[in-house]
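Kindly generate the corresponding structure for this input.
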Amino acid sequence: MLKKPRGLLAIALFALLVAGCAPPGIVERVPDDDPGYLLEQAQQQPPEQAAISRLEAADILARRGQRTQALEIASGIDDAQLPGEHRLHWAMLLSELGEELEEPRAVIQAGQLLDEVDMPRDAGLILRERMGRALLRVDEYRAAAAMLMYVQARTEREALNDAIWTSLSRLDGNELASLREDADELTLGWLGLASLVRESDGDIERLFARLESWRERNPQHPAARNVPSELLALRELRGKEVRHIAIFLPDSGPLASVAESIRTGIRAHHLHSVERNGGVRLSFLDASLGNLDALYTEARNIGAQVVIGPLDKDQVSELEARDSVPLPTLALNYGAGSSNRAEGLFQYGLSAEDEARQVARRAYEDGHRRSAMLVPNNEWGARVGRAFEQEWRSRNGTITNSVSYDPRGSATESTRRVLAGGRPDMLFLLALPSYARQVPPTLDYYGAADLPIYATSHLYEGRPQPLLDHDLDEVNFVDIPWQIPDAAVGGVEALPYLASFQELHQDADPSTFRLMAMGVDAYELARRLPQFQLLPESELFGATGLLVAGHDGRIERRLPWARFERGVPRPILTFDLLDGDLGGNGQLR
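Numbering: from 1, shown residues only. As a prediction, this is how the structure comes out:
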């Protein structure tokens, strides 16, 4: 069993002494050494000695409780200049500070040494555990799971169970399957547990029956001895399964056609789900005829437990301004308010703003800092552009130029203006296919063919058209899994709700298919509203993405990435945090 040394200095000295080569400067210095003097000296010293002086200064500051300053200095050290024994001390110091101060990037920076330096077993396991937790904090779930299971296989520490389960429960089926390659017995046990939860499909009784069978088959597994707390919490949902859903959609009016596509998705998926969900009853109520209070009264009178809808933005805004709603509700739009204040109200839709914010995060993670923007000159463009800009600026990104274009015109002049405003290192593009296809060739004409383009799903019509879309080659974009199955999950057969996909996709118009997929996910979210109320951190892998509830009940979609190659969307893997790859055993390679 691995025992952690307590305290920064203890960890550092422990690791160094086990290695048999503690650097004399660190051990011999007395606590009242002046870090300021060391930093001054470093400015005049050769690179190797300067790096050692800065490391000693960071160590002294850390021992004095000046942890933030110590982290700033340690993270700025070029560890390649340090001798081997000092590099180990640097990694242990930086990783502890990063973990304590909730700066996961610092821990990940330190963790790169795992593939570069031979280190004592216990020091390596401590660093791997910190690394795994840091990867979890930046949503690198597969890498986090692999790293943490590597540590647990060598220590049997049950304290890692919750972190491992959080990582595994957020992986899609394809990612889970990838962990089976060369997996040890412990990993196979975890993967079996994750699979049985997925296959239980929200049925709590089925879940716990299968969980007990799994524990009997794996009595020595850490998760059998100490079931992850997130799973145990689901016991409270026994007897509360959703059996009757009321659906508030308009039969007439301007939203009737949108409502019909969503309704088609709900009905088709319901028919495919009857056997596995025990017979949920659906009641469709016309939201265009009555007021909300009358609709809720009717829903309660017929015994509905939860509500899907309304779709109208004004009606959703009315609900989110209340203190609570009469029944747990999944609205199919987002209200106009800055936040949702109503208890029991969740909001879900195909938000272009969500996509814009995800584009900003991804582009920043890819190393870009100066973005140009090209958005249509209408209310939609202003709203989505504002979402991108706010997210981008929150990360200290710079907007070099923002151009609003006429969607009915040519892209030639607007693209020229984008480049005239500064020297961007990327372009955020919000456009429909016919306009978007003009942008890359125009950039090429103006000598900016290498400018990376990041876009929302709106530039893709939803079916492969290589001849039309070849001008979009090298453009990065997000879309729902059902539209880009090869990029999202490794092929159609791995898609969530495959039977529903096959039925709806067969004759669907691409313009309505996303709305049908939204209906499928609305049905699944509604069945799980009690779970989302009990466990706000719950997530659902659905037809329209990974669905996560925000702190105010607004559902955020996290979408897979694709890039056009020869006119066809191809997958983009998650950004490479480590300039390497994490194998299934948690080793860097």
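
and Thr329, what element?
Thr329 is part of strand 324-331 when elements are defined by DSSP states H and E.

That strand: what's the following helix or strand?
That would be, after strand 324-331 and using DSSP H and E, strand 343-347.

What is that next one packed up against?
Using 3 or more Cβ pairs under 8 Å, 6 or more residues apart in numbering; DSSP states H and E as the contact test, the elements touching strand 343-347 are helix 313-320, strand 324-331, helix 529-534. Using the backbone N, CA and C atoms, a C-beta is placed for each residue, glycine as well.

And those: which comes nearest Ala360?
helix 313-320 (23.7 Å; Cβ to Cβ).

and Glu461, how many residues sit next to it?
Neighbour count of Glu461, defined by other Cβ atoms under 10 Å: 15.

that's a helix at Glu413, yeah?
Yes: judged by DSSP: H, G, I helix; E, B strand; the rest coil, Glu413 forms part of a helix.

if we can go back for a sec, could you dump the helices and strands packed on strand 343-347 to TSV with distance to Val418?
Below are these laid out as TSV (distance: least, Cβ to Cβ, whole Å):
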stretch	distance to Val418
helix 313-320	31
strand 324-331	36
helix 529-534	41
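
follow-up on the earlier one: so which bits of the strand holding Thr329 are buried?
325, 327-331 (16 or more other Cβ atoms under 10 Å).

Return the member of the helices and strands packed on strand 343-347 having the minimum mean pLDDT.
Looking at the helices and strands packed on strand 343-347, the lowest mean pLDDT belongs to helix 529-534 (a mean of 87).

which strands and helices sit next to the helix or strand that that helix is followed by?
If you walk from helix 529-534 toward the C-terminus, the next helix or strand you reach (DSSP H and E) is strand 539-542. Under the contact definition 3+ Cβ pairs under 8 Å, 6+ apart, strand 539-542 sits against helix 510-527, strand 545-549.

Let me know which of these is the nearest to Gly367.
Of all those, strand 545-549 sits nearest to Gly367, with 23.7 Å by Cβ to Cβ.

Quick one: mean pLDDT for the closest one?
pLDDT averaged over strand 545-549 gives 89.

same thing with stretch 354-366?
Per-residue scores along stretch 354-366 average to 93.

buried set for that stretch?
Applying 16+ other Cβ under 10 Å to stretch 354-366 flags 354-364 as buried.

quick check, nearest of these to Val138?
Arg361 (10.5 Å).

So that closest one sits against Phe388, correct?
No: using Cβ atoms under 8 Å, Arg361 is not in contact with Phe388; the gap is 10.2 Å.

Any stretches of the stretch 1-150 of the chain with poor pLDDT?
For the stretch 1-150 of the chain, the stretches flagged by pLDDT under 70 are 1-32.

Helices of that one, residue ranges please.
8-19, 24-28, 35-42, 47-63, 67-75, 84-100, 104-111, 121-137, 141-155 (DSSP state H, counting those that start in this stretch).

could I get those helices as CSV with mean neighbour count and distance to Gln506?
Below are the helices of the stretch 1-150 of the chain laid out as CSV (neighbours: other Cβ atoms under 10 Å; distance: least, Cβ to Cβ, whole Å):
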stretch, mean neighbour count, distance to Gln506
helix 8-19, 18, 60
helix 24-28, 13, 68
helix 35-42, 17, 68
helix 47-63, 22, 62
helix 67-75, 20, 54
helix 84-100, 24, 51
helix 104-111, 22, 44
helix 121-137, 23, 39
helix 141-155, 24, 32
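
which residues in the stretch 351-500 of the chain form strands?
370-376, 398-405, 426-429, 453-455, 476-478 (DSSP state E, counting those that start in this stretch).

right, so those: which one is the most enclosed?
strand 426-429 (a mean of 26; mean count of other Cβ atoms under 10 Å).

Output that strand as CSV, restricted to C-alpha atoms.
Written as CSV, here are the backbone C-alpha positions of strand 426-429 (Å, rounded to 0.1, in the frame of the first residue of the first chain):
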residue,chain,number,x,y,z
MET,A,426,-7.4,31.9,-36.4
LEU,A,427,-10.8,32.8,-37.7
PHE,A,428,-14.1,32.1,-36.0
LEU,A,429,-16.7,31.5,-38.8
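
Neighbouring strands of that strand in the sheet, and parallel or not?
strand 370-376 (parallel), strand 453-455 (parallel) (DSSP bridges).

Need those strands in a markdown table (columns: distance to Ile399).
What follows is the strands paired with strand 426-429, written out as a markdown table (distance: least, Cβ to Cβ, whole Å):
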| stretch | distance to Ile399 |
| --- | --- |
| strand 370-376 | 6 |
| strand 453-455 | 14 |
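
All the helices of the stretch 151-300 of the chain, in order from the start?
Going by DSSP H, counting those that start in this stretch, the stretch 151-300 of the chain shows helices at 161-169, 173-178, 185-200, 204-217, 222-225, 229-233, 256-277, 292-301.

among these, which is the most enclosed?
Taking mean count of other Cβ under 10 Å, helix 161-169 is the most buried of these, at a mean of 22.

So what touches it?
132-133, 136, 141-142, 144-145, 148-149, 152, 176, 190-191, 193-194, 197, 222-223, 226-231, 539 (Cβ atoms under 8 Å, 6 or more residues apart in numbering).

Now that helix: average pLDDT?
Per-residue scores along helix 161-169 average to 93.

And for stretch 207-222?
92.

quick one: contacts of it?
152, 156-158, 160-161, 186, 189-190, 192-193, 196-197, 199-200, 224-225, 227, 231, 234-235, 238.

follow-up on the earlier one: generate a markdown table for the helices of the stretch 1-150 of the chain, with distance to Glu565 as supplementary columns.
Shown next, in a markdown table, are those (distance: least, Cβ to Cβ, whole Å):
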| stretch | distance to Glu565 |
| --- | --- |
| helix 8-19 | 46 |
| helix 24-28 | 51 |
| helix 35-42 | 47 |
| helix 47-63 | 42 |
| helix 67-75 | 37 |
| helix 84-100 | 37 |
| helix 104-111 | 29 |
| helix 121-137 | 28 |
| helix 141-155 | 23 |
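
hang on, the earlier thing: switch the strands of the stretch 351-500 of the chain over to JSON lines; also include mean pLDDT and distance to Ala382.
Listed next are those as JSON lines, based on pLDDT from 0 to 100; distance: least, Cβ to Cβ, whole Å:
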{"stretch": "strand 370-376", "mean pLDDT": "97", "distance to Ala382": "7"}
{"stretch": "strand 398-405", "mean pLDDT": "96", "distance to Ala382": "8"}
{"stretch": "strand 426-429", "mean pLDDT": "97", "distance to Ala382": "14"}
{"stretch": "strand 453-455", "mean pLDDT": "98", "distance to Ala382": "17"}
{"stretch": "strand 476-478", "mean pLDDT": "96", "distance to Ala382": "20"}
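
how about a markdown table for the ones you listed, with distance to Arg563 added?
Conversion of the strands of the stretch 351-500 of the chain to a markdown table gives the following (distance: least, Cβ to Cβ, whole Å):
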| stretch | distance to Arg563 |
| --- | --- |
| strand 370-376 | 18 |
| strand 398-405 | 23 |
| strand 426-429 | 13 |
| strand 453-455 | 10 |
| strand 476-478 | 5 |
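
Nearest to Leu319 among these would be which one?
Evaluated with Cβ to Cβ, these place strand 476-478 nearest to Leu319, the distance being 28.3 Å.

and that closest one, which strands flank it?
strand 453-455 (parallel), strand 561-565 (antiparallel).

Could you dump those strands into TSV and include distance to Leu38?
As requested, those are exported to TSV (distance: least, Cβ to Cβ, whole Å):
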stretch	distance to Leu38
strand 453-455	43
strand 561-565	44
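
what about Trp392, how many neighbours?
Neighbour tally, Trp392, other Cβ under 10 Å: 26.

Wait, Ser339 touches Asp552, no?
Yes: Ser339 is in contact with Asp552 according to Cβ under 8 Å; the separation is 4.7 Å.

Show me which of these two is the more surrounded one.
The neighbour comparison of Ser339 against Asp552 (other Cβ under 10 Å) goes to Asp552, with 16 against 11.

Next up, the contacts around Leu559.
So Leu559 contacts 355, 358, 457, 478-481, 545-546 (Cβ under 8 Å, 6+ apart).

Quick one: residues contacting Gln109.
75, 94, 98.
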